[in-house]
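*Asks:* got a sequence here, can you build the structure:
(chains A and B)
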Amino acid sequence: MHIIIRNISVLIFSIFMFSCTQQGAMEDVSTGLYEKGGMSYLDKNMTVPAKIYFDYDQYLITDMAQGTLDMQIAWMDENPSKFILIEGHCDERGTREYNLALGERRGNAVREYLSSMGIDEERLNVVSYGKERPDAEGSYDDAWQKNRRSVTTIDVDR
Amino acid sequence: MDINIFFLIKLKYTKKIILSLLIFFFFILNVKAELKIDITSGYTEPTPIGISEFSGTNDEENEIAKQITKLVIADLNNSGLFKVIDPKAYIQKISNPNIIPKFADWKVINTQALIVGSTQLSPSGNVRIEFRLWDVFAEQQMAGWAFSTARSNWRQISHRVADKVYERLTGEIGYFDTRIAYIAESGPQKQRIKRLAIMDQDGANHRFLTDGTNLVLTPRFSPSQQELTYLSYIGRTPRVYLLDIETGKQEVVGDFPGMTFAPRFSPMGDLVIMSLATEGNSDIYSYNLQTNIRKQLTSYRGIDTSPSYSPNGKRIVFNSDRGGSPQIYVMNNKGKKIKRISYGKGHYSTPVWSPRGDYIAFTKFYNRTFYIGVMTAEGKGERVIAKGFLVEGPTWTPNGRIIAYTKKDYPNKKKEGKTRIFLIDVTGFHEREIITPLEASDPAWSPLLN
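*Replies:* As a prediction, the model looks like this:
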């Protein structure tokens, strides 16, 4: 009986956290992002990717990442009332505290780029999760690459 | 000694000299060196010892005596330095510490040292242990002690017995009467639930201190053992907190304009040292818990983190990438005289100063493998003592002889990739796991209880 109640509660909670759009994307209420096919987007139409990736032990914005950030900037210009929380993440191939610092460097690199391209600094905040919140499970290069990321999210607390 | 040689010599004076020498050597060879176990130089074969059950005079005393004896045996066996001989092999049954053992019976089964003790329960609810430590082959008493405490403290008193034996036989301070704080982990990797937890060093008296709602990381003990400092994600910004272990009361440390992390106490417990990250830069700060005054100790634009004080509080070892990659540096407690001490191949991080002051333990990453290593505070004599797919975050026992660390196996068909706490002697031998109810990481060994 307890198990049934618990399962129903989990189901209801999940539905509360996510809601479906017409294209079948799930909106994550905690980040304001639209999730489909393992990718996250800032917009309902799923044209603006929220994540960019970094090389190992690096916090520099690559050319590919810059392209994605430019799309994010356009979206932010079109949605001036939205506040942004930039997450910085690392893969597990580093120690815990150093990765907390590196995650903050990655989030900050994104913040600096967005700000340098005209987005008001007041709208931007950074949080580091170090290696604590991987996006891909598994201990191999592909998974690690997916975890070395920064995620631009909607700051739901502001 | 061949006395025939004596009769073959004809000269009178030479006979006397030779006789004197013979008598002299006879005495030298018959004085036994006192039993002493050297734990500093490489692998030591465990020393076989005997522990007679610490019996009492009635059923109740015998019951608690059984538990005490079991705990003492476990502590000494787990240290890796001793092998407690199976009681089934004991020839003599002895339970009175006040009578002299029949040493011949113990020599026959190669017992190097023998512990004989007794247990008494007083009407006031106390338990009293008396015991003697005998050097079997020298046939003499090494030491005798008596401890008394409230009955509910029986585990602590048993650890004290093991400490005394350990100290007397090795010359080193024991570490059995200590605790470990750590992070209990569960759930899928993408949604890991982490809780602060604490236990005796043998895994007993395990308690969760937080409920997993907020991500918690890297707990460290205060010198008084009454508090932990750690990182918690409560609200928007991850910050350093203090937790009172008894009351469970949490408070944030300082009011910093950004994420604070990597906290440790100073040796006197008056300061918390930590990193502050703002605008892509992490610097080390000290925070005075009494005056609330904070001091910035590093100012390099990059990553300065994982600070750890020397035992006398005069210097700080830390992790910095100011040289282009993560390496280990030492500075004085004012942030001056910064000197790099790691020079081997690879990335170095998580430096921790030994309570003895002699070594700094660290994590090294090289060629896709992690290592736990030690080097002197001058950066000399680097040795790796453990390695793995992922090993990190060393912490020292108070006697500076054993290191605990986080270890995660490579997940393949044979191993699930669980995260657990392991121990290893500073000599690099005797790696063993600490059993915890869930997966475990970020161990912190308490100072000695006084």
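
*Asks:* any idea how far stretch B:301-320 is from the middle of the chain?
*Replies:* On the basis of C-alpha atoms, centre = their mean, to the nearest Å, stretch B:301-320 is displaced by 21 Å from the centre of the chain it belongs to.

*Asks:* briefly note if it comes near chain A.
*Replies:* Yes - Stretch B:301-320 comes into contact with chain A (C-beta under 8 Å from any C-beta of the partner chain), by way of B:303, B:305, B:306, B:319. All C-beta atoms are positioned from the backbone trio N, CA, C, and that covers glycine.

*Asks:* pipe these into a markdown table and attach pLDDT per row.
*Replies:* Below are the residues of stretch B:301-320 next to chain A laid out as a markdown table (pLDDT from 0 to 100):
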| residue | pLDDT |
| --- | --- |
| B:303 | 98 |
| B:305 | 98 |
| B:306 | 98 |
| B:319 | 98 |
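
*Asks:* which one (most neighbours) among these?
*Replies:* residue B:306 (33 neighbours; other C-beta atoms under 10 Å in any protein chain shown).

*Asks:* in three-state terms, label that residue for me.
*Replies:* The three-state label given to residue B:306 by DSSP: H, G, I helix; E, B strand; the rest coil is strand.

*Asks:* and the closest residue to it other than its chain neighbours, what element?
*Replies:* Distances taken as C-beta to C-beta, 6 or more residues apart in numbering or on different chains place residue B:319 nearest to residue B:306, at 4.1 Å, with adjacent residues excluded. Taking DSSP states H and E as the criterion, residue B:319 maps to strand B:315-320.

*Asks:* what pairs with that strand, parallel or antiparallel?
*Replies:* strand B:304-309 (antiparallel), strand B:327-332 (antiparallel) (DSSP bridges).

*Asks:* all strands for chain A, in order.
*Replies:* Per DSSP state E, chain A carries strands over the ranges A:18-20, A:26-28, A:33-36, A:39-41, A:51-53, A:84-89, A:124-130, A:149-154.

*Asks:* residue B:256: which of these is closest?
*Replies:* strand A:124-130 (14.2 Å; C-beta to C-beta).

*Asks:* gap between the closest one and the chain center?
*Replies:* Chain-centre distance of strand A:124-130: 10 Å, with C-alpha atoms, centre = their mean.

*Asks:* close to chain B, is that strand?
*Replies:* Yes - using C-beta under 8 Å from any C-beta, strand A:124-130 reaches chain B at A:125, A:127, A:128.

*Asks:* paired strands for that strand, with orientation please.
*Replies:* strand A:84-89 (parallel).

*Asks:* what's the angle from the strand it pairs with to strand A:149-154?
*Replies:* 160 degrees (axes from the mean of the first three to the mean of the last three C-alpha atoms, to 10 degrees).

*Asks:* for the closest residue to chain B within chain A, which non-adjacent residue is closest in space?
*Replies:* Per C-beta to the nearest C-beta, residue A:108 is where chain A lies closest to chain B, at 3.5 Å. Nearest non-adjacent residue to residue A:108, counting by C-beta to C-beta, 6+ apart: residue B:280, 3.5 Å away.

*Asks:* any idea how far the one you found lies from residue B:126?
*Replies:* Distance of residue B:280 to residue B:126, given as C-beta to C-beta, to the nearest Å: 59 Å.

*Asks:* before we move on, what about residue B:327?
*Replies:* In terms of C-beta to C-beta, residue B:327 sits 54 Å off from residue B:126.

*Asks:* neighbour-wise, which of these two wins?
*Replies:* The neighbour comparison of residue B:327 against residue B:126 (other C-beta under 10 Å) goes to residue B:327, with 23 against 14.

*Asks:* that one touches residue B:320, doesn't it?
*Replies:* Yes - using C-beta atoms under 8 Å, residue B:327 is in contact with residue B:320, at 6.5 Å.

*Asks:* quickly list what's touching both of the two.
*Replies:* Common neighbours of residue B:327 and residue B:320 are not found (criterion: C-beta atoms under 8 Å, 6 or more residues apart in numbering or on different chains).

*Asks:* and the helices in the chain?
*Replies:* No chain specified, so I'll use chain A. Counting by DSSP state H, the segments of chain A that form helices are A:2-17, A:63-78, A:96-116, A:141-147.

*Asks:* nope, chain B please
*Replies:* B:3-8, B:12-30, B:59-78, B:103-108, B:154-170.

*Asks:* give me the mean pLDDT for the first one.
*Replies:* Read that as helix B:3-8. Helix B:3-8 shows a mean pLDDT of 44.

*Asks:* check the fourth one too.
*Replies:* Per-residue pLDDT values across helix B:103-108 average out to 97.

*Asks:* again, but for stretch A:117-133
*Replies:* Rounded mean pLDDT across stretch A:117-133 is 97.

*Asks:* tell me the buried residues in that stretch?
*Replies:* A:119, A:123, A:124, A:125, A:126, A:127, A:128, A:129, A:130, A:131, A:132, A:133 (16 or more other C-beta atoms under 10 Å in any protein chain shown).

*Asks:* and residue 158, how many neighbours?
*Replies:* Reading this off chain A. Neighbours of residue A:158 (other C-beta under 10 Å): 12.

*Asks:* not what I meant, chain B
*Replies:* The number of residues packed near residue B:158 is 27, by other C-beta under 10 Å.

*Asks:* contacts only, for it.
*Replies:* Residue B:158 makes contact with B:67, B:68, B:71, B:72, B:75, B:129, according to C-beta under 8 Å, 6+ apart.

*Asks:* and what of residue B:229?
*Replies:* B:219, B:220, B:222, B:240, B:241, B:242, B:243, B:253, B:263, B:264, B:265, B:272.

*Asks:* and of those, the nearest to chain A?
*Replies:* residue B:263 (9.7 Å).

*Asks:* just checking, the closest one touches residue B:240?
*Replies:* Yes - applying C-beta under 8 Å, one finds residue B:263 in contact with residue B:240, separated by 4.3 Å.

*Asks:* list the residues that contact both of the two?
*Replies:* What both residue B:263 and residue B:240 touch, as defined by C-beta under 8 Å, 6+ apart, is the set B:229, B:230, B:231, B:253, B:272, B:274.

*Asks:* what's stretch B:322-333 in contact with?
*Replies:* A:57, A:98, B:286, B:297-298, B:300, B:302-304, B:309, B:313-321, B:337-342, B:347-349, B:351, B:360, B:362, B:375, B:377, B:379.

*Asks:* just the buried residues of those residues.
*Replies:* Buried subset of the contacts of stretch B:322-333 (neighbour count, 16+ other C-beta under 10 Å): A:57, A:98, B:286, B:297-298, B:300, B:302-304, B:309, B:315-321, B:338, B:341-342, B:347-349, B:351, B:360, B:362, B:375, B:377, B:379.

*Asks:* which of the helices of chain A comes out lowest on mean pLDDT?
*Replies:* Across these, helix A:2-17 gives the lowest mean pLDDT, at a mean of 67.

*Asks:* picking that back up, in this structure the residue of chain A closest to chain B contacts residue A:101, no?
*Replies:* No - counting by C-beta under 8 Å, residue A:108 sits too far from residue A:101 to count as a contact (10.4 Å).

*Asks:* comparing those two, which residue is more hemmed in?
*Replies:* residue A:101 (32 against 22).

*Asks:* dump the residue contacts of the more buried one.
*Replies:* By C-beta under 8 Å, 6+ apart, the residues touching residue A:101 are A:128, B:261, B:275, B:277, B:282, B:303, B:305.

*Asks:* how near is it to residue B:239?
*Replies:* Distance of residue A:101 to residue B:239, computed by C-beta to C-beta: 15 Å.

*Asks:* ditto for residue B:164
*Replies:* Per C-beta to C-beta, residue B:164 is found 42 Å from residue B:239.

*Asks:* having no further points to raise, I will conclude here.
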